[in-house]
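Chemist: Need coordinates for the below:
(chains A and B)
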There are 2 protein chains.
Amino acid sequence: MSLPEGYTLRRCTKADYAGVTSVLKVLTTVGDVSKDQFDQLLDHWDSVRIGQVPMYNNSVIVDTNGEVVATGNVLIEKKVIHQCGLVGHIEDIAVRQDQQGKKLGLILIQYLYKLAKEYGCYKVILDCDESNVGFYEKCGLKRAGVEMKIIFDK
Amino acid sequence: MSLPEGYTLRRCTKADYAGVTSVLKVLTTVGDVSKDQFDQLLDHWDSVRIGQVPMYNNSVIVDTNGEVVATGNVLIEKKVIHQCGLVGHIEDIAVRQDQQGKKLGLILIQYLYKLAKEYGCYKVILDCDESNVGFYEKCGLKRAGVEMKIIFDK
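Modeler: Residues are numbered from 1 along each chain as shown, chains lettered A, B, ... in the order given. Down below sits the predicted model:
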């Protein structure tokens, strides 16, 4: 399985501002993110490491025109358990609506968890809706537990 | 609801090496973590921030003898979505077996998500076994989705 010809998969950069903020709208509320806020976010993402391992691995798939068509992250956390082990948290996977059916989500997720494995993670987890379990099973993940949440009022 | 008299709740420090590595054994495999490895881990935990907000908030409850009886973390992540919003991930909640029934888990979780709220998180999530859903509902969380995982061979 590989990317369509001319598509590339790489780390997100400041130049992806318009593409990333747009593609993420298929997922949830993005809100009014300015270029300055995005640049500061990228500075943060690029600055925090566990030794040589980047904590944030926000990635994009870009089409032949250089436009962002998919995005996702694996956040890496260092724990005490499992001998000070690393765990990857896959977050915010989004594929542009007109690009669905090209397996971009699957390619992106498999890239992210291979990256996490290379960085030494002993496992990768992600949370999803019940309706997406089948898709993530095709990506090689297994049901592990229940996601609980609390949302704060502004 | 408050801590038993003489108990305190505070950020984890290097001095908590023996206590934290011991208490986490109720949860899962800890393995052979040396004092040096723990100190390096604490250096990492204390070094990564989102502006003024610490990304790791590993916390301990300590009894009247200064011994660690419970531990847990809320890892804070900065995203693009929700106007470059912060999300807290509650991780690795453990209470020493002989200290169960004192509501230490509940107090710790509520502390962690209030901390996350103060730091500006728009939500806090955690993953748990189906059997613990009732406990986390008492802590104020709601069922949100499915946790999926992939575990890597060594």
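
Chemist: Low-confidence ranges, chain A, go.
Modeler: Residue ranges of chain A with pLDDT under 70: A:154.

Chemist: what are the ranges of the helices in it?
Modeler: Remark: helices assigned in chain A by DSSP state H are A:17-23, A:35-47, A:81-84, A:104-118, A:133-138.

Chemist: The first one - contacts with which helices or strands?
Modeler: Contact analysis of helix A:17-23 by 3 or more CB pairs under 8 Å, 6 or more residues apart in numbering or on different chains; DSSP states H and E lists helix A:35-47, strand A:59-62, strand A:68-78 as its packing neighbours. Where you see a C-beta, it was placed from the backbone N, CA and C, and this is true even at glycine.

Chemist: Ok, which of these comes nearest residue A:149?
Modeler: Of all those, strand A:68-78 sits nearest to residue A:149, with 16.6 Å by CB to CB.

Chemist: From the chain's centroid, how far away is the closest one?
Modeler: 2 Å (CA atoms, centre = their mean, to the nearest Å).

Chemist: Briefly note if that strand comes near chain B.
Modeler: Yes - judged by CB under 8 Å from any CB of the partner chain, strand A:68-78 comes into contact with chain B through A:75, A:77-78.

Chemist: Using CSV, lay out the helices of chain A together with mean neighbour count.
Modeler: Below are the helices of chain A laid out as CSV (neighbours: other CB atoms under 10 Å in any protein chain shown):
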stretch, mean neighbour count
helix A:17-23, 20
helix A:35-47, 16
helix A:81-84, 18
helix A:104-118, 20
helix A:133-138, 14
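
Chemist: Select, out of those helices, the one closest to residue B:63.
Modeler: Among those, helix A:81-84 comes nearest to residue B:63, with 21.8 Å by CB to CB.

Chemist: The closest one - contacts with which helices or strands?
Modeler: Short answer (3+ CB pairs under 8 Å, 6+ apart): helix A:81-84 packs on helix B:35-47.

Chemist: wait, does the helix it packs on make contact with chain A?
Modeler: Yes - Helix B:35-47 reaches chain A (CB under 8 Å from any CB) through B:37-38, B:40-41, B:44-45.

Chemist: got the residues you listed as TSV, with distance to residue A:70 columns?
Modeler: Putting the residues of helix B:35-47 next to chain A into TSV (distance: CB to CB, whole Å) gives the following:
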residue	distance to residue A:70
B:37	37
B:38	39
B:40	36
B:41	34
B:44	30
B:45	32
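
Chemist: Residue A:110: what's its closest spatial neighbour, skipping adjacent residues?
Modeler: Counting by CB to CB, 6 or more residues apart in numbering or on different chains, residue A:110 lies nearest to residue A:139, which is 6.3 Å off, once chain neighbours are set aside.

Chemist: quick one: contacts for the one you found?
Modeler: Neighbouring residues of residue A:139 by CB atoms under 8 Å, 6 or more residues apart in numbering or on different chains: A:105-106, A:109-110.
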